[in-house]
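Enquirer: model this:
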Amino acid sequence: MADHSGKNFPTPTKETAPYWEGCRNHQLVIQQCPKCEYYQFYPRMMCTHCSHGYMDWVTVSGNGRVISFTVIRRPISPAYKAEAPYVVALIKLDEGPTMMSNIVECEPEKVFIGMKVNVVFEDWSEDISIPKFVPQK
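Expert: Down below sits the predicted model:
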């Protein structure tokens with residue numbers, strides 16, 4: 001496992017615990033409304049589409065497309081220096097929601113709007129795995 005000391009580790013909450021548990025198991029798990037079937041991310045207490053008060057957690061494909069991105073050449077902290085330059089992107093999942101994540105295993109100059117990507121997981125500790133995306137093959 002690489003050294004991730006100094007990085008911004010997520011702190012799971014009651015609302016986000018199922019998401020982080022899925023990530024730990026290398027599964028992308030997001031919320032879906034049992035009433036209107038709307039998928040949503042980031043986790044919330046109720047459906048943002050129909051206001052239903054309960055959300056199911058479902059495993060999704062992890063496939064999506066890049067809808068926007070930027071290349072970080074000057075990291076926010078020394079903990080990320082070894083990764084620079086790196087790509088931070090908005091990924092529109094095939095199921096609908098948009099996630100912000102990194103594009104990895106790809107040179108920054110090869111990333112483009114519309115690029116098809118798949119989720120992968122980077123283990124930061126025994127308890128935390130971070131979803132990132134790679135180009136579809």
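Enquirer: Could you list the low-confidence segments of this structure?
Expert: Low-confidence segments of the chain, defined by pLDDT under 70, span residues 1.
Enquirer: For the most far-flung residue of it relative to its centre, which non-adjacent residue is closest in space?
Expert: What lies farthest from the middle of the chain is K35; by C-alpha atoms, centre = their mean that is 24.8 Å. Excluding the flanking residues, the one nearest K35 by C-beta to C-beta, 6 or more residues apart in numbering is H52, at 4.1 Å. To be clear about C-beta, it is placed using only N, CA and C from the backbone, and glycine gets the same treatment.
Enquirer: you'd agree that neighbour is up against Q31?
Expert: No: using C-beta atoms under 8 Å, H52 is not in contact with Q31; the gap is 10.7 Å.
Enquirer: Of the two, which one has the most company?
Expert: For H52 versus Q31, the count of surrounding residues by other C-beta atoms under 10 Å is larger for Q31: 24 against 14.
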